[in-house]
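Asker: the following comprises the amino acid sequence and a computationally predicted model.
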Amino acid sequence: MTLLIGYVPTPVGEAALEAGLAEAAVHGDDVVILNSPRRGSTVDADLVDEEAESALVARATAVGVTARVDHADHGPDVVATFEALVRETGARLIVIGLRRRTPVGKLVMGSSAQRILLEASVPVLAVKPA
């Protein structure tokens, strides 16, 4: 089977990666690491370069997990990007990181993580950094 991990190079993304790799190692799953820039973005602090991508795959390999990195553009709807990859890969689980937000921040800005939790067609494992 396959796990889909949402990743950005932040403590939140690292927490998701660590949890996802641990889960995949225990269950013998492959991993797709989604590092998704906004549509049309060529410069994005959250977009990993080739060197960082190789390091992510090496980290997975070190724990016995086969991994690939996907850079599908998400435009305004990151949930649709996750769902498309779930369908494409047959993923059994999505792993995402959560950051602390105030209730007002969630109300005003919305939350991609919340939408993924509520709308995903497969179970979602949500983790936060230590």
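Answerer: In hand now; what should we look at?

Asker: next up, the contacts around Thr89.
Answerer: Thr2, Leu4, Val32 (CB atoms under 8 Å, 6 or more residues apart in numbering). Glycine gets a C-beta too; all of them are placed from N, C-alpha and C.

Asker: now which of these would you call buried?
Answerer: Buried subset of the contacts of Thr89 (neighbour count, 16 or more other CB atoms under 10 Å): Thr2, Leu4, Val32.

Asker: now, which of those sits nearest Arg92?
Answerer: Using CB to CB, Thr2 comes nearest to Arg92 of those, at 6.8 Å.

Asker: need the contact list for the closest one.
Answerer: Thr2 makes contact with Asp29, Asp30, Val31, Val32, Thr89, Gly90, Ala91, Arg92, according to CB under 8 Å, 6+ apart.

Asker: now do Arg68
Answerer: Arg68 neighbours (CB under 8 Å, 6+ apart): Val31, Val32, Ile33, Val57.

Asker: out of the contacts of Thr89, which comes closest to Ala113?
Answerer: Nearest member of the contacts of Thr89 to Ala113, counting by CB to CB, is Leu4, at 13.9 Å.

Asker: got a list of what the residue nearest to Arg100 when sequence neighbours are not counted touches?
Answerer: Distance criterion CB to CB, 6 or more residues apart in numbering; nearest residue to Arg100, sequence neighbours excluded, is Lys128 at 7.4 Å. Neighbouring residues of Lys128 by CB under 8 Å, 6+ apart: Val12, Ala15, Gly97, Leu98, Arg99, Arg100.

Asker: out of the residues you listed, list just those in helices.
Answerer: Val12, Ala15 (DSSP state H).

Asker: mind putting the contacts of Lys128 into CSV with pLDDT?
Answerer: Output for the contacts of Lys128, formatted as CSV (pLDDT from 0 to 100):
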residue, pLDDT
Val12, 91
Ala15, 96
Gly97, 92
Leu98, 88
Arg99, 80
Arg100, 75
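
Asker: just the buried ones from the contacts of Lys128, in ChimeraX syntax?
Answerer: To isolate the buried ones among these in ChimeraX, judged by 16+ other CB under 10 Å, type:
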select :12,15,97,98
